[in-house]
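Undergrad: Mind looking at a prediction? Sequence and model below.
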Amino acid sequence: MDQRRILYKSVVNTLFFILGFTVIFVLLGAGASSLSRFLTRNTRLITIIGGSIIILLAFQIMGLFNIPFLNYERKARVRRKPRVSSGLFSSD
């Protein structure tokens, strides 16, 4: 009786695992389809907005006007050099 219960629980857990993956992939597919439909319907607007952003960035680079938040620079400061290893997780 105990083995049947373990088997039943394993089968139920496996089915819910498969169901979870199925739901996630269906939702991802529906989301991608919706995004594609939105982009297709609004191609002209997206082109105009993208072109305007490129022109603004070109003006920024040429120095015609200054957008302050585009002039910031962030760097990661590393105190120690990373340890190089030639193990399983390295590119050597």
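TA: Happy to help now that I have it. Numbers count the residues shown, from 1 in each chain.
Undergrad: Scan this structure for its longest helix.
TA: Secondary structure assigned by DSSP state H gives helix 2-41 as the longest helix of the chain.
Undergrad: name the helices or strands packed onto the helix or strand following that helix?
TA: Going down the chain from helix 2-41, the next helix or strand is helix 43-62, by DSSP states H and E. Contact partners of helix 43-62 among helices and strands, from 3 or more CB pairs under 8 Å, 6 or more residues apart in numbering; DSSP states H and E: none. No exception for glycine: its C-beta is placed from N, CA and C like everyone else's.
Undergrad: mind redoing it with 10 Å?
TA: helix 2-41 (3 or more CB pairs under 10 Å, 6 or more residues apart in numbering; DSSP states H and E).
Undergrad: The helix it packs on packs against which elements?
TA: Partner elements for helix 2-41 (3+ CB pairs under 10 Å, 6+ apart): helix 43-62.
Undergrad: List the contacts of the helix it packs on.
TA: Identification of contacts with helix 43-62 by CB atoms under 10 Å, 6 or more residues apart in numbering yields Phe38, Leu39, Thr40, Asn42, Leu64, Phe65, Asn66, Ile67, Leu70, Asn71.
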